[in-house]
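Participant: Sequence first, then the predicted structure, then my questions.
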Amino acid sequence: MKWKGEGAPLVACFLCIIVWVVFMLFNLELLGYVFSHEGGGVNIGLLGVVVIGLAVIGGAFLMAWAAEAGQFIFSQAFALALLALLEVFPEYMFEASLAWKRCIELAAATMTGSNRLLLGAGWPLVFFIYALSCKRKSGKLARELVLDIKQSVEIFFLAVLTLYSFIIVLKGTLDIVDTVILFALYGVYVCLCYRMPAEAESGIEYIHGPAKLILRLKNSGSIIVMLVLMFLGGVVIFFSAPLFLGGIIALAISAGVSVFLTAQWLAPFLSEFPESTSAFYYATREELAPMGIGNLVSAKVNQWSLLIGTIPLVYSFSVGQLAFIPLDELQKHEILLTAAQSIYGTVALMKLRFTYLDALILFGLWFIQFIYPPIRIEVTIIYFILALVEFVYYRRENGRLFREFIKAVKG
């Protein structure tokens, strides 16, 4: 009975995926949309959106359980890096499609929109879900989420990539040199994550559900099943996320929503769906909540490195030569605002604690700028001021981040 109870969510996800496979078999022409890099809307109807949306959720949960088990096989940082890479892949496809068609304005809007949405709404929601989960168990709302000291690696690289984004703003271009540097930084990040030790086996007692089933298998069996579930979830998201995104965009445009608004906010919201699903799942469990933040930090590292680096790379292939993309004033302001938000978010995590005040500030400033975009400069200044205040106020605790990062590098 215990095995049945722990395996029930796994069965539910597989049923969603099976229904999706059947739907796709009756609509094989949709595969052309996935590989065409069109990036626009696709008419699959409300039923199609529901079926494909459930498949995206199923795929995200398969990868979340695989990563949950994977932290005891590899390191937690490496498991989350792999999870984030697969979950963010639909965003790469969407950005690549826009860059290939040389729609740089929309590509920049999508990139900055998804970055700010992930941090401004995603991080706070992880904390709020965690706080409510604590209240349900103990009767008290949590006032802070204590992070694992090993998460210093993700936070450090997020800081480095955020600082590099200011260089992009200052030079006013995005080119293949940026691609090389950003891809190299991501490669170093993954290598360091891989070198880190796995979680102690004593922590397995806090693991439940499908992840527990994976860890009950023998060593080679647990590794194989973990990788298979991660790969299967990635394949499902690869084929279903673009269709889910395209289906929702088609419904939105038919309802009168503007193309730019769709690219700036609706498309990023939907493309963040896979990583949000896994992160929110982790947040419901007190012992896994740090993984929820870690999941979104890893996704943010992906966005600041591979996602941005993809744009000039694909654009160069599109024009047939190495090319640079000049940024206009609006794009510079958008990237600067995104970088300012990121610098505040990074500083907020440097003390290896994420407080309710951090969550409220991030969500409040993101929401204000979301409903009234013209105040981007004012909000940018506020982010910088708050980041400085936070950094100075917690200056003694911040030093711990660098010490832990050095320990991780030395192995």
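Facilitator: Right, received. Where do you want to start?
Participant: quick check, distance from stretch 376-389 to the centre of its chain.
Facilitator: 23 Å (C-alpha atoms, centre = their mean, to the nearest Å).
Participant: can you check stretch 299-313 too?
Facilitator: On C-alpha atoms, centre = their mean, the centre of stretch 299-313 falls 11 Å from the chain's centre.
Participant: How far does that stretch stretch from one end to the other?
Facilitator: Distance between the two ends of stretch 299-313: 20 Å, counting by C-alpha to C-alpha, to the nearest Å.
Participant: pLDDT of it, averaged?
Facilitator: Taken as a whole, stretch 299-313 carries a mean pLDDT of 90.
Participant: for stretch 351-364, same thing?
Facilitator: 95.
Participant: With stretch 387-400 instead?
Facilitator: pLDDT averaged over stretch 387-400 gives 90.
Participant: Could you number the chain from 422 rather than 1 from now on?
Facilitator: Sure thing, new numbering starts at 422, so read that last one as stretch 808-821.
Participant: got a list of contacts for that stretch?
Facilitator: For stretch 808-821, contacts defined as C-beta atoms under 8 Å, 6 or more residues apart in numbering pick out 570, 573, 761, 764-765, 768-769, 771-774, 779. C-beta here means a position set from N, CA and C on the backbone, and glycine is covered the same way.
Participant: Could I get those residues in a markdown table, plus columns for distance to residue 735?
Facilitator: A markdown table is the format used below for the contacts of stretch 808-821 (distance: C-beta to C-beta, whole Å):
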| residue | distance to residue 735 |
| --- | --- |
| 570 | 38 |
| 573 | 33 |
| 761 | 27 |
| 764 | 27 |
| 765 | 30 |
| 768 | 32 |
| 769 | 33 |
| 771 | 34 |
| 772 | 38 |
| 773 | 37 |
| 774 | 39 |
| 779 | 35 |
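Participant: Now intersect those with the strands, please.
Facilitator: Counting by DSSP state E, the members of the contacts of stretch 808-821 that fall within strands are residue 774.
Participant: Any chance of a PyMOL selection covering the buried ones in the contacts of stretch 808-821?
Facilitator: The PyMOL command for the buried members of the contacts of stretch 808-821 (criterion: 16 or more other C-beta atoms under 10 Å) is given here:
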select buried, resi 570+573+761+764+765+768+769+771+772+773+779
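Participant: Most widely separated two among the contacts of stretch 808-821?
Facilitator: 570 and 761 (27.0 Å; C-beta to C-beta).
Participant: from the contacts of stretch 808-821, which single one is nearest residue 583?
Facilitator: For the contacts of stretch 808-821, the nearest to residue 583 is residue 764 (5.3 Å; C-beta to C-beta).
Participant: ok so, going back, restricted to helices, list the contacts of stretch 808-821.
Facilitator: 573, 761, 764-765, 768-769, 771, 779 (DSSP state H).
Participant: between those, which is nearest residue 594?
Facilitator: Among those, and counting by C-beta to C-beta, the member closest to residue 594 is residue 761, at 19.8 Å.
Participant: Is the closest one in contact with residue 799, as I believe?
Facilitator: No - the pair residue 761 / residue 799 is not scored as a contact, 11.0 Å apart, by C-beta atoms under 8 Å.
Participant: Find the nearest non-adjacent residue to residue 637, please.
Facilitator: residue 643 (7.8 Å; C-beta to C-beta, 6 or more residues apart in numbering).
Participant: The stretch 472-621 of the chain: helices as residue ranges?
Facilitator: Remark: helices assigned in the stretch 472-621 of the chain by DSSP state H, counting those that start in this stretch are 497-521, 525-538, 544-559, 573-592, 597-616.
Participant: Any chance of JSON lines for those, columns mean pLDDT?
Facilitator: JSON lines is the format used below for the helices of the stretch 472-621 of the chain (pLDDT from 0 to 100):
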{"stretch": "helix 497-521", "mean pLDDT": "80"}
{"stretch": "helix 525-538", "mean pLDDT": "79"}
{"stretch": "helix 544-559", "mean pLDDT": "91"}
{"stretch": "helix 573-592", "mean pLDDT": "94"}
{"stretch": "helix 597-616", "mean pLDDT": "93"}
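Participant: Please dump these into CSV; it should also carry distance to residue 674 for every row.
Facilitator: Converted to CSV, the helices of the stretch 472-621 of the chain look like this (distance: least, C-beta to C-beta, whole Å):
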stretch, distance to residue 674
helix 497-521, 15
helix 525-538, 14
helix 544-559, 27
helix 573-592, 31
helix 597-616, 31
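Participant: Tell me which of those helices lies nearest to residue 454.
Facilitator: helix 497-521 (10.5 Å).
Participant: Just give me how far that closest one sits from the chain centre.
Facilitator: With C-alpha atoms, centre = their mean, you get 8 Å for helix 497-521.
Participant: what angle separates it from helix 525-538?
Facilitator: Compare the direction of helix 497-521 with that of helix 525-538 by axes from the mean of the first three to the mean of the last three C-alpha atoms, to 10 degrees and you get 160 degrees.
Participant: okay, the angle between helix 497-521 and helix 597-616?
Facilitator: Going by the same axes, to 10 degrees, helix 497-521 makes 160 degrees with helix 597-616.
Participant: Dead centre of this protein: give me the residue that sits there.
Facilitator: Central residue of the chain (C-alpha atoms, centre = their mean): residue 720, 3.1 Å from the mean position.
Participant: Identify the residues contacting that residue.
Facilitator: 505, 508-509, 539, 693, 696.
Participant: Most neighbours of all those residues, which one?
Facilitator: For those, the largest number of neighbours (other C-beta atoms under 10 Å) sits with residue 508, at 32 neighbours.
Participant: number of nearby residues for residue 561?
Facilitator: Neighbour number of residue 561 under other C-beta under 10 Å is 9.
Participant: Spatially nearest residue to it (excluding sequence neighbours)?
Facilitator: residue 555 is the one closest to residue 561 (C-beta to C-beta, 6+ apart), at 6.6 Å.
Participant: repeat for residue 548
Facilitator: Closest to residue 548 by C-beta to C-beta, 6+ apart is residue 780, at 4.1 Å.
Participant: which ones are touching that neighbour?
Facilitator: 544-545, 548-549.
Participant: at 10 Å what do you get?
Facilitator: With contacts defined as C-beta atoms under 10 Å, 6 or more residues apart in numbering, residue 780 is in contact with 544-549, 551-552, 565-566, 769.
Participant: chain center to stretch 621-640: distance?
Facilitator: With C-alpha atoms, centre = their mean, you get 25 Å for stretch 621-640.
Participant: Identify the residues contacting it?
Facilitator: Contacts for stretch 621-640 (C-beta under 10 Å, 6+ apart): 423-424, 426-432, 434, 482-483, 485-494, 497, 620, 642-647, 649-650, 702, 706-709.
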